[in-house]
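K.L.:
What follows is a predicted structure for the sequence shown.
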Amino acid sequence: MLPVILEALLKIIFFFILIMGFVVVLIWGERKGSAFIQDRTGPNRASIGGIRLAGLVHPVADVFKLLFKEDVAPSQRHPFLYAFAPWLGMVVAMTTYTVIPFGDFLQIGDKVYPMVVADLEIGMLFVLAISSLATYGIALGGWASNSKYTFLGSMRATAQMVSYEITMGLALMGLFLVFGSLRLTDIVGGQGELIWGWLPKWGVVVQPLGFLLFMGAIYAETNRTPFDMSERDSEIVAGYHTEYSSMKFALFFMAEYAHMVVAAALIATLYFGGYQIPWLPRPVLEGHAGPILTGLLVAGGLCSIWIGTLYFRRARREKGWYNDAREREPGVLGTAAVVGGLVMLGSLLLQPWNIGAGGGSIFVSLIQTGAFIGKLVFFAWLFIWVRWTVPSFRYDQVMHLGWKIMLPAGLVNLVVTALWLAAVHR
Amino acid sequence: MSYKGLPEVVTTRKRSFWESAYFVEIFKGLVVTGRHVLKNLRHTDEMPTIQYPDQKRDYGPRFRGRHRLTQRDDGSPKCVACQMCSTVCPADCIEIEAAEHPNPAIEKFPETFTIDLLRCVYCGLCEEACPCDAIRMDTGIYEIAADTREAFIVDKEFLLNNDKDGTL
């Protein structure tokens, strides 16, 4: 019993660190990305001993600011629900990850560990059930604040959730029909196959319309632009979290980004093959684990040293710009990159091409987790990218799009998929 | 009601099928913003942003900054306390107390000359009104900051030696 709990705990800790790390990186990405899209430089001031990391230190400064801020709360609030709502949002965002696989299995010695916290048979149903609860966090928070703007925000969020949850379910049903399972590991496993021997059987290939509908629905579900009804700042101040401050606001804020990470992970898992690398299934990777690892080490080492020299060139150019600790930054980062590159090249002395079957299996598991995280990063960036590109819809447009366009399209997609599958499997 | 030259009914162009399907247009928009991101990633140094405390914008020589009082050769103010500047000042921020000058060639000199920098609107009328080039706004100082309101009310001694630092 104890090893099972320990194993689950380790996976949970992995996911917790992954999510919290991503929340920090995404907040940074949102600021820097929006800045670059609008031809600004973005955050570049906060530093630890002169090391600014292009603004990555700013979220750390934010956390300390929010921790030490006064918690201003409306006097006519509902005391319990007011405190409960941000917590609920965060917990829900964290819970959804339990069923998302981040690799197929990890084999250490004779033991095989599946790389998913809980491999539920109703997997995707669980995700839908839990992620719908996130709206309770928003609705309760808005209602408990006892303010008109927060209430409007939570009402909008609720209406939007009701409208788009249906589309999301319909879009997913087509996918379930194709892969014949609700279990996420089965869906990801099914996406490792090839159609006609060359086209990866990704969800986006077999369900293109379903993918578009799911994308729209999940953007609405995470309350991101163009569906940011519940926190539209030009209309209802800050929406449901207008009356929140300090760490309670930070919880709402982090929950939004955690939801984005869930959404990105779901898109990657359901429609882009999860941890699968196209055309390179596990046996192929395991067969060539040694050469691949060697190649990666050499390429990574050389790239790292090249980046280091770029930093050194910048250090020379920026000499005398600031006259303070910031001048150390390019030199320190350059040294770190060069040392990292030399370590990677030096590890060739350990003969990574003789990695063996056991090591190869672990290496392939890591590679697949890396592929999953890579896809996750892309879709998380897509959230930011879309937010700073597309103006948001008007409220009636959101309802029109949800009920009159996406819902019928979802129904058509489901019926066509069912008929096609019936014709094929008859 | 209709206005001359304007159409009575505002017509909007009908959207084509692909335009109203959103996804194609959103993709086009993503290409535009993505191009900006790539450009700014490659040429971060060429962004128009001025990194303010480190870099400063260059202003022209006619830029009206904080005031200063010009001096005679012996270091006394050129000002003859004629009250022209304090009269013309639209913000009423200059206050001069005149006193008799020991030199009979010069009639008066300012006993006190205070400017309330918080009231000043930097219009430059005092400069133009001055008959003997005694007050100028050519220091180029625009970062004026202090901890108290009293510190913004600057006196004659300050204004006579007022071309060094931004802080009060």
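P.N.:
Nice, thanks for sending it over.

K.L.:
Which residue does the stretch 151-300 of chain A have closest to chain B?
P.N.:
A:Leu212 (5.9 Å; Cβ to the nearest Cβ). To be clear about C-beta, it is placed using only N, CA and C from the backbone, and glycine gets the same treatment.

K.L.:
My error: substitute the stretch 251-400 of chain A in the last question.
P.N.:
Closest point on the stretch 251-400 of chain A to chain B, by Cβ to the nearest Cβ, is A:Thr389, at 4.4 Å.

K.L.:
circling back: not counting its neighbours along the chain, what's nearest the residue of the stretch 151-300 of chain A closest to chain B?
P.N.:
B:Phe23 (5.9 Å; Cβ to Cβ, 6 or more residues apart in numbering or on different chains).

K.L.:
Need the per-residue pLDDT for that neighbour.
P.N.:
On pLDDT, B:Phe23 comes in at 81.

K.L.:
Tell me how many other residues crowd it.
P.N.:
Neighbourhood size, B:Phe23 [other Cβ atoms under 10 Å in any protein chain shown]: 11.

K.L.:
That one and A:Met406, how far apart?
P.N.:
Noted for B:Phe23: a distance of 12 Å to A:Met406, by Cβ to Cβ, to the nearest Å.

K.L.:
and what of B:Arg57?
P.N.:
49 Å.

K.L.:
Tell me which of those two has more neighbours.
P.N.:
Using other Cβ under 10 Å as the criterion, B:Arg57 and A:Met406 rank with A:Met406 on top: 25 against 8.

K.L.:
ok, that one touching A:Met215?
P.N.:
No - when contacts are counted by Cβ atoms under 8 Å, A:Met406 is not listed as touching A:Met215 (10.5 Å).

K.L.:
all strands of chain A, in order?
P.N.:
Along chain A, counting by DSSP state E, strands occupy A:105-108, A:111-114, A:194-195, A:199-200.

K.L.:
Throw these into JSON lines and include mean neighbour count, mean pLDDT and distance to B:Met137, thanks.
P.N.:
As requested, the strands of chain A are exported to JSON lines (neighbours: other Cβ atoms under 10 Å in any protein chain shown; pLDDT from 0 to 100; distance: least, Cβ to Cβ, whole Å):
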{"stretch": "strand A:105-108", "mean neighbour count": "16", "mean pLDDT": "78", "distance to B:Met137": "73"}
{"stretch": "strand A:111-114", "mean neighbour count": "12", "mean pLDDT": "80", "distance to B:Met137": "75"}
{"stretch": "strand A:194-195", "mean neighbour count": "12", "mean pLDDT": "80", "distance to B:Met137": "76"}
{"stretch": "strand A:199-200", "mean neighbour count": "15", "mean pLDDT": "81", "distance to B:Met137": "70"}
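
K.L.:
For those, give me a markdown table that also has distance to A:Gly142.
P.N.:
Below are these laid out as a markdown table (distance: least, Cβ to Cβ, whole Å):
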| stretch | distance to A:Gly142 |
| --- | --- |
| strand A:105-108 | 43 |
| strand A:111-114 | 39 |
| strand A:194-195 | 46 |
| strand A:199-200 | 43 |
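
K.L.:
Tell me how many other residues crowd A:Leu172.
P.N.:
Residues near A:Leu172, counting by other Cβ under 10 Å: 26.

K.L.:
For chain A, what lies in contact range of chain B?
P.N.:
A:33, A:36-41, A:44, A:212, A:321-322, A:385-386, A:388-390, A:401 (Cβ under 8 Å from any Cβ of the partner chain).

K.L.:
one more time with 7 Å
P.N.:
A:33, A:36-37, A:39-41, A:212, A:321-322, A:385-386, A:388-390 (Cβ under 7 Å from any Cβ of the partner chain).
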